[in-house]
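Colleague: coordinates for the following, if possible.
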Amino acid sequence: MSWKATLARAVFSSRARRALEEARRDLDARTLPEAVAARVRIPIGPRVRSKTMRGVAAALAGLLERAGETHPCLVSSLALLGEARRCGYAPSLVLGVRKGESGAASHAWLALDGEPFLEAAHVAASYETIAVLPDPTP
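Modeller: Below you'll find the predicted structure:
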């Protein structure tokens, strides 16, 4: 692990832990659209540098890795959706599927202005979008 990732995990770990706990609690108690709607109600705060969001994402990834999560994209995306709003961003949660070697695979990520947010563009591009939450059409 790089020193930058270690620093990000240390600086943002409590923030990431809180966001992860909220996301897990919501996914246990609500449907996904309801959980996303709860995040969308979070007021958009003053915009911070994107490095802050990358730090929270790195800390969150570390928490999920230590917890042994093998497919954490949905809970991670939901947690980051709320944090992004608090940090001045208003992304959407995107769900995608693709045909893999062992069957269908799914993935969740955030998008901002139609582009992947805190996600490698080539990863998002390898999935066919099946849903965007909240629905961008009125």
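Colleague: drop to CA atoms for contacts and neighbour counts, all remaining ones
Modeller: Noted.
Colleague: just checking, residue 79 touches residue 25?
Modeller: No: using Cα atoms under 8 Å, residue 79 is not in contact with residue 25; the gap is 10.5 Å.
Colleague: looking at those two, which is more packed in?
Modeller: Using other Cα atoms under 10 Å as the criterion, residue 79 and residue 25 rank with residue 79 on top: 26 against 13.
Colleague: next one: the helix or strand encompassing that one to chain centre, how far?
Modeller: In this assignment (DSSP states H and E), residue 79 forms part of helix 73-86. Centre-to-centre, helix 73-86 and its host chain are 4 Å apart (Cα atoms, centre = their mean, to the nearest Å).
Colleague: now it - C-alpha only, CSV.
Modeller: Provided in CSV are the C-alpha atoms of helix 73-86 (Å, rounded to 0.1, in the frame of the first residue of the first chain):
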residue,chain,number,x,y,z
CYS,A,73,-19.4,-1.9,-4.9
LEU,A,74,-23.0,-1.4,-3.9
VAL,A,75,-22.5,-0.5,-0.3
SER,A,76,-19.4,1.5,-1.2
SER,A,77,-21.2,3.5,-3.8
LEU,A,78,-24.1,4.2,-1.5
ALA,A,79,-21.8,5.3,1.3
LEU,A,80,-19.9,7.6,-1.1
LEU,A,81,-23.1,9.0,-2.5
GLY,A,82,-23.9,10.6,0.9
GLU,A,83,-20.3,11.7,1.5
ALA,A,84,-20.2,13.3,-2.0
ARG,A,85,-23.3,15.4,-1.3
ARG,A,86,-21.8,16.5,2.0
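Colleague: next secondary structure after the longest helix anywhere in the chain?
Modeller: When the chain is parsed with DSSP state H, its longest helix is helix 3-29. Counting by DSSP H and E, the next helix or strand C-terminal to helix 3-29 is helix 32-40.
Colleague: relative orientation of the helix holding residue 79 and helix 32-40 in degrees?
Modeller: With axes from the mean of the first three to the mean of the last three Cα atoms, to 10 degrees defining the directions, helix 73-86 sits at 20 degrees from helix 32-40.
Colleague: which elements pack onto helix 73-86?
Modeller: For helix 73-86, the packing partners by 3 or more Cα pairs under 8 Å, 6 or more residues apart in numbering; DSSP states H and E come out as helix 3-29, helix 32-40, helix 50-66, strand 92-100, strand 103-112.
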